[in-house]
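> next input, structure requested:
(one chain, ligands or ions: 1)
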Amino acid sequence: AEQSPKAFHCHDMSECPVSGDAASPSTEEEPAGFADLSELPVEVSERRPTCLHCYRPEKVCLCPFLPADPLEVSTCLYIVQHPAEESRVLRTVPLLAACLPKGKCKVLVGRRFNEERHPELASVCKDSHTLILYPGSDAENLEELDKDFTTPPHNVIIIDGTWSQAKDIFLRNSIFRLPKQVQLNSATCSQYVIRTQPTNMCLSTLECAAVTLSIMERNQAIPEVLLRPLQALCSFQLQHGAQVHHSKEHLLKSGLYDKPMPRNKRKIKRMQKLLTNQNI
Ligand SMILES: [Zn+2]
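Coordinates of the predicted model:
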């Protein structure tokens, strides 16, 4: 039977483009409530064969875009992942892990981390060769730290989640304030256009890791290798009808933001701040 594009999306939810909260999915021909349903995380059907290497459904396997051999790096990444991120439709961490040697990208899922439950992570946090990537006034710009990060090898902790999830994890777990706090200062614009970013400067975890590793390893070839599967994923999504999800900032500035303005004063202030942000 012939399938409409909508039927395709309903059938193959792991490729469903609806992922960001500022997305404006066309709902006119859908029964009421579908838009809400489509934003629920969808479990991959057990029947559908999954590639054992990239963990993607076989028909959208990204292995051809992964490096033939894992990227050689001395830095070890610890990805602290909010549980909600694990079930999101579009995730970048599995792609990152597939590009790196086993043991150089460790993923820990949770909200609360402490020495008792996470002794390995706690000792990594106490290690003077560990950095945590979390922007803020206390953070130093990683690009400006003139240091050899490869001898001895360093660890970098990256929090994977939305801004508010990452903030919650960082502020509520005292072990994450032990490592030196760093941020990325580069004007790298997000190439990951599928997910809606709160601002243009907010990069996906994969992009953050790519930029971080290129600085740590002093190897400018790293981002290209790490971002190749992401670009393939994005172009696949775009070919299958995903809308390009611009950041809220972009939508506001270009007058394309079509959601009702918030009533909450704090939210309005935040949006005004986005509009007057001079950095973009
Ligand atoms: Zn694969």
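
> pretty sure Leu96 is touching Val107, no?
No: counting by CB atoms under 8 Å, Val107 is not a contact partner of Leu96; they are 9.1 Å apart. (Glycine included, C-beta is placed from N, CA and C.)

> between those two, point out the one with more neighbours.
Under the neighbour definition other CB atoms under 10 Å, Leu96 and Val107 were set side by side, and Leu96 has more, 27 against 15.

> for the one residue in the stretch 101-250 of the chain that gets nearest to the ion, list the residues it contacts.
With CB to the ion as the measure, Pro229 is the residue of the stretch 101-250 of the chain nearest to the ion, at 9.4 Å. With contacts defined as CB atoms under 8 Å, 6 or more residues apart in numbering, Pro229 is in contact with Cys54, Leu62, Phe65, Leu66, Leu95, Ala98, Cys99.

> same check on Glu86?
Val109.

> tell me the pLDDT of it.
At Glu86, the pLDDT value in this model is 71.

> before we move on, what about Pro64?
Model confidence at Pro64, given as pLDDT, is 92.

> secondary structure class for it?
When the structure is split into helix, strand and coil by DSSP: H, G, I helix; E, B strand; the rest coil, Pro64 lands in helix.

> the closest residue to it other than its chain neighbours: what secondary structure?
Leaving out its chain neighbours, the residue that sits closest to Pro64 by CB to CB, 6 or more residues apart in numbering is Ala232, at 7.8 Å. At Ala232, secondary structure determined by three-state DSSP is helix.

> surely Ala232 touches Leu66?
No: at 9.4 Å, Ala232 and Leu66 do not qualify as touching, with contact defined as CB under 8 Å.

> which stretches of the chain form strands?
All strands of the chain, identified by DSSP state E, fall at 76-81, 105-109, 130-133, 140-141, 155-160, 180-183.

> deepest-packed of those strands, please.
With neighbours defined by mean count of other CB atoms under 10 Å, none of the strands of the chain is more surrounded on average than strand 155-160, at a mean of 24.

> before we move on, the earlier item: between Ala232 and Leu66, which is the more surrounded one?
With other CB under 10 Å as the criterion, Ala232 and Leu66 differ in neighbour count, and Leu66 comes out ahead with 20 against 16.

> is it true that that one touches Ala98?
Yes: here Leu66 lies in contact with Ala98, judged by CB under 8 Å, at a distance of 5.4 Å.

> list residues touching both of those two?
Between them, Leu66 and Ala98 have His53, Cys54, Pro229 as joint contacts when contacts are counted by CB under 8 Å, 6+ apart.

> now do the second one: how many residues are near it, please.
Going back to what we said before, that points to Cys54. One way to gauge burial is a neighbour count; for Cys54, by other CB under 10 Å, it gives 21.

> which residues touch it?
Applying CB under 8 Å, 6+ apart, we find Cys54 in contact with Cys61, Leu62, Cys63, Leu66, Pro94, Leu95, Ala98, Pro229.
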